[in-house]
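Asker: whatever this is, show me its structure:
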Amino acid sequence: MPTITIDRVSDIKQGQYGLSSKIHAGNDAYYVNSYATEYTGKTVDVEFTEKKSAKGNVYKIAKILGLAKEQPAYANGATQPWSEWEAMAARAHQLAKVLEPDELTESGGILIDRSRARMSFVATILIAFSNNKITTEESDIPF
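Answerer: Numbering: from 1, shown residues only. Predicted structure coming up:
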């Protein structure tokens with residue numbers, strides 16, 4: 001039985017037979033005949049089918065059979081504890097200070113403040129971390 005991890009849910013609509021939505025798992029998207037937001041961030045068992053519309057479009061349809069036996073270790077689909085997020089943010093901020101330092105005057109005052117650029121960088125790193133594009137293993141973090 002195939003399993004997928006649902007990253008997000010979109011296109012929630014009231015139809016003739018009840019609520020339907022679109023689930024996203026990685027680069028794939030499937031239509032489901034249910035309100036699937038409760039499965040966001042969770043791994044589910046599914047059955048897949050395809051349906052061809054009158055216009056010739058092919059739609060991927062999934063039927064959620066239930067939660068898979070193995071789920072992420074943390075509540076609400078989180079895959080990392082807070083301490084790992086905190087460590088990642090601190091490391092990203094440390095690198096951002098190196099990449100985007102403020103320009104100082106001769107007397108030590110701030111001439112150009114690059115704090116916005118640093119926070120944008122940190123936010124980008126945290127987004128990548130939340131999408132499992134960056135791990136917390138020391139050997140994989142370049143900074």
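Asker: output the longest helix belonging to the protein.
Answerer: helix 82-99 (DSSP state H).
Asker: which helices and strands does that one pack with?
Answerer: helix 115-130 (3 or more CB pairs under 8 Å, 6 or more residues apart in numbering; DSSP states H and E). In short, each C-beta sits where N, CA and C put it, glycine included.
Asker: so for the helix it packs on, what gets flagged as buried?
Answerer: Using 16 or more other CB atoms under 10 Å as the burial criterion, the residues of helix 115-130 that qualify are Arg118, Phe121, Val122, Ile125, Phe129.
Asker: swap in stretch 45-63?
Answerer: Val46, Ala62.
Asker: is Arg8 in a bridge, and if so with what?
Answerer: His24 (DSSP bridges).
Asker: repeat for Tyr30
Answerer: Beta bridges link Tyr30 to Ile23 when assigned by DSSP bridges.
Asker: for it, what are its contacts?
Answerer: Counting by CB atoms under 8 Å, 6 or more residues apart in numbering, Tyr30 touches Lys22, Ile23, Val46, Phe48, Lys60, Ile61, Ala62.
Asker: any idea how far the lowest-mean-pLDDT helix or strand in the chain is from the chain center?
Answerer: Here the helix or strand of the chain ranked lowest by mean pLDDT, DSSP states H and E is strand 8-15, holding a mean of 83. Distance of strand 8-15 from the chain centroid (CA atoms, centre = their mean, to the nearest Å) equals 18 Å.
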